[in-house]
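Asker: Structure of the sequence below:
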Amino acid sequence: MQLTKFRLTLSVVFSSLAGYLLAANAINFSIILLLFFGGFSIVGASNIINQILEKDLDKLMSRTKNRPLPNKRVSIRFAFYFALIMIFLGIYLLNEINFRTAFFSFVSLLIYTLIYTPLKTKTPFSVFFGAIPGALPFMLGWVAHSNKFGIEPGILFMIQFFWQFPHFWSIGWILNDDYKKAGFKMLPSGNKDKKTGLLIITYTLWMILISITPISDYSGTLNLGYFSSVIIIFLGLIMLYFAIDLIIKRSIKAAKKLMFSSIIYITLVQVVYVLDKILNGYIL
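Answerer: A predicted model of the protein is given here:
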């Protein structure tokens, strides 16, 4: 469970299931199961490979020094073979849905492990690459049903893509001292300063705007009722409040509030989207 980062992996899989429910008019439970276990396998494998590559750096940080690999509770060989098994299982299961879902899930794994992970010690721009695999599951849930790309999965991708920045930068703010021990460069300016705070606010605003795009006529078959849009705006304004509070106070406590509000935001937005779809998307 620790190797796969079980709770984080479940949250990612949850977003893919939400994407599927938004696309499907009738639920196919076999696809739900394939998407769940296939997605869990790919995301879990990504986390294992990430820990293999960062095992020496994890020893340096208080947050990660007790992970299975740094303290040698699990061998690197075991972790590597376990990851390989999960990769093959995940690709097989997702390919049973369709090739596009399997292929782009594998691309997501490659971006996370071969681009994002090594860039973390080199440039804050790594967060941009990390946001791509983090945003793909919400989109791929739609593709699992439709087997095609379009404006609808594109919007789902952009919602979670822009959300990643305030979320990860709030974590980077909280753990900045710990990250520096391992040489990780997670904050855009490298410091807990006004520039980082302004960027957090900017990306939060874009996130809110994109989240209510389905109320317009430019979102294809992805629709959102007015009442649901008001709920999402309200949730976004709460997150924006904590983003502004962070730039004012510049404290770890303020960053923690933003981090928790971001988790609540993305979870409830996905729930609101699905409930709105169940009620035909016309809640007035």
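Asker: Which of the helices or strands spans Phe104?
Answerer: Per DSSP states H and E: Phe104 is located in helix 99-110.
Asker: no, scratch that, I was asking about Ile233
Answerer: Element membership for Ile233, per DSSP H and E: helix 226-249.
Asker: which SS class is Phe149?
Answerer: When classified by DSSP: H, G, I helix; E, B strand; the rest coil, Phe149 comes out as coil.
Asker: That one: neighbour count?
Answerer: Per other C-beta atoms under 10 Å, the neighbour tally for Phe149 reads 15. Yep, even glycine has a C-beta here, placed from its N, CA and C like the rest.
Asker: For it, which non-adjacent residue is closest in space?
Answerer: Val143 (6.5 Å; C-beta to C-beta, 6 or more residues apart in numbering).
Asker: Correct me if wrong: Met139 contacts Gly19.
Answerer: Yes - Met139 is in contact with Gly19 according to C-beta atoms under 8 Å; the separation is 6.3 Å.
Asker: Looking at the two, which is more packed in?
Answerer: Between Met139 and Gly19, Gly19 has the larger neighbour count (other C-beta under 10 Å), namely 29 against 25.
Asker: Is it correct that the more buried one is in contact with Ser146?
Answerer: No - if you go by C-beta under 8 Å, Gly19 and Ser146 don't touch, sitting 10.1 Å apart.
Asker: list the residues that contact both of these two?
Answerer: Shared between the contact lists of Gly19 and Ser146 (criterion: C-beta atoms under 8 Å, 6 or more residues apart in numbering) are residues Pro153.
Asker: wait, what's in contact with Pro166?
Answerer: Here Pro166 is in contact with Ile200, Tyr203, Thr204, Met207, Met239, Ala243, Leu258, Ser262 (C-beta under 8 Å, 6+ apart).
Asker: can you pull the contacts of the fifth one?
Answerer: Yep, that's Met239 we're talking about. Met239 is in contact with Pro166, Thr204, Met207, Ile208, Leu258, Ser261, Ser262, Tyr265, counting by C-beta under 8 Å, 6+ apart.
Asker: Tell me where the longest helix sits in this protein.
Answerer: If you go by DSSP state H, the chain has its longest helix at helix 252-278.
Asker: Report the buried residues of it.
Answerer: Across helix 252-278, burial judged by 16 or more other C-beta atoms under 10 Å covers 252, 254-259, 261-262, 265-266, 269-270, 272-274, 276-277.
Asker: how distant is it from the center of its chain?
Answerer: Centroid separation for helix 252-278 versus its chain: 12 Å, with C-alpha atoms, centre = their mean, to the nearest Å.
Asker: For Ala182, see how far away Ala79 is.
Answerer: Look at Ala79 and Ala182: by C-beta to C-beta, to the nearest Å, they are 19 Å apart.
Asker: For the nearest residue to Ile266 once chain neighbours are set aside, give me the pLDDT.
Answerer: Closest residue to Ile266 apart from its sequence neighbours, by C-beta to C-beta, 6+ apart: Trp163 at 5.3 Å. We have a pLDDT of 97 for Trp163.
Asker: surely Trp163 meets Ser262?
Answerer: Yes - with contact defined as C-beta under 8 Å, Trp163 reaches Ser262; the gap is 6.7 Å.
Asker: Which residues are in contact with each of the two?
Answerer: By C-beta under 8 Å, 6+ apart, no residue touches both Trp163 and Ser262.
Asker: still on that earlier bit, let me see the contact set for the residue nearest to Ile266.
Answerer: Applying C-beta under 8 Å, 6+ apart to Trp163 gives the contacts Ala135, Met207, Ser262, Tyr265, Ile266.
Asker: and it, what helix or strand is that in?
Answerer: Per DSSP H and E, Trp163 falls inside helix 151-174.
Asker: Buried residues, that helix. List them.
Answerer: 152-174.
Asker: Can you tell me what sits against the helix or strand just after that helix?
Answerer: Going down the chain from helix 151-174, the next helix or strand is helix 176-182, by DSSP H and E. Residues from elsewhere that reach helix 176-182 (C-beta under 8 Å, 6+ apart): 54, 57-58, 60-63, 121, 172, 185-187, 191-192.
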